[in-house]
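Colleague: whatever this is, show me its structure:
(3 chains)
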Amino acid sequence: MIKPASKPPATIQALFERAESIAGFTLGELAEVANIRVPQNFKKEKGWSGQLLELFLGADAGSTPQQDFPTLGVELKTIPIDQMGKPLETTYVCYAPLTNIAGINWQQSSVRNKLNCVLWIPIEGNRQIPPADRRIANPVLWYPSDQELAELQQDWEELMDMIALGQVENITARTGAVLQIRPKAADGSALTDAIGANGQRIQTRPRGFYLRKQFTGRILEEYFS
DNA sequence: AGTTGATCATTA
DNA sequence: TAATGATCAACT
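Modeller: Residues are numbered from 1 along each chain as shown, chains lettered A, B, ... in the order given. Below you'll find the predicted structure:
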């Protein structure tokens, strides 16, 4: 019988087997076991699915800039998919640093660290399906290929160069082939420090890195059978 | 205010 | 209809 994890798995294999054991269940079935109520929609509790899966897979609760399973070096990501198994949403990676970025390189970046190894949990995400009825699909354990890393690095460097040169206000979600930057905040009133066009300090909306759907779709496709 | 978990909803 | 820009909740 499925149940919430009491502690983090000791190995990646154990983590993956745990993920496999909940594939096929609905979010409602998991929530019932955990005695958690299921929202009618995700208009407000947008991170509900991710937190439910953290509970069942034994991820350390709490928000830290580190990976979900630090000792395993694994990041957990739920991803909403359509009937064809294609992503319905982009995937948030981490905050985009807007100041003190001198000396940051790709190999040591938060993006590179977060994406070193990702356990993807696809979940039916069509809005016509009530959250309780959405079914969990087979997990995918992803280590980025050399080519994928090269694609990510190229976008990351372009975006970070723009930030360093005071062009953060000129970055839109259209910049970047596989990695994009978009606002990431409670609302439009949130402001943080950034570098201006003349090197001065300016205030701007906090930003986050996101993976495009086309990119994550390729990842899931490789394991689809 | 920052960072995690993300999806919503308006626009193009 | 898909993508961009905006937003929601919990926790630190």
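Colleague: tell me which element the residue most central in space within chain A falls in.
Modeller: The centroid of chain A falls nearest to residue A:92 when counting by CA atoms, centre = their mean (4.0 Å). Taking DSSP states H and E as the definition, residue A:92 sits inside strand A:91-95.
Colleague: buried set for that strand?
Modeller: By 16 or more other CB atoms under 10 Å, the buried positions in strand A:91-95 come out as A:91, A:92, A:93, A:94. C-beta here means a position set from N, CA and C on the backbone, and glycine is covered the same way.
Colleague: between those residues, which sits nearest residue A:152?
Modeller: residue A:93 (9.4 Å; CB to CB).
Colleague: SS state for the nearest residue to that closest one once chain neighbours are set aside?
Modeller: Nearest non-adjacent residue to residue A:93, counting by CB to CB, 6 or more residues apart in numbering: residue A:209, 4.2 Å away. Secondary structure state of residue A:209, per DSSP: H, G, I helix; E, B strand; the rest coil, is strand.
Colleague: how many other residues sit next to residue A:209?
Modeller: 27 (other CB atoms under 10 Å).
Colleague: make sure residue A:202 is actually in contact with residue A:196.
Modeller: Yes - Residue A:202 is within contact range of residue A:196, at 3.9 Å (criterion: CB atoms under 8 Å).
Colleague: so what sits against both of those two?
Modeller: Contact with both residue A:202 and residue A:196 is made by residues residue A:166, according to CB atoms under 8 Å, 6 or more residues apart in numbering.
Colleague: buried residues in the top helix by length along chain A?
Modeller: Assignment by DSSP state H gives helix A:146-164 as the longest helix of chain A. For helix A:146-164, a neighbour-count test (16+ other CB under 10 Å) marks A:148, A:149, A:151, A:152, A:153, A:155, A:156, A:159, A:160, A:162, A:163, A:164 as buried.
Colleague: give me the distance between the residue of chain A positioned farthest from its centre and residue A:33.
Modeller: In chain A, the residue that sits farthest from the middle, by CA atoms, centre = their mean, is residue A:198; the gap is 33.1 Å. To residue A:33, residue A:198 is 57 Å away according to CB to CB, to the nearest Å.
Colleague: do the same with residue A:204
Modeller: Separation of residue A:204 from residue A:33 (CB to CB): 43 Å.
Colleague: out of the buried residues of strand A:91-95, which touch DNA strand B?
Modeller: Residues of those in contact with DNA strand B (CB under 7 Å from any atom of the strand): A:92, A:94.
Colleague: I'm done for today, thanks for sticking with me.
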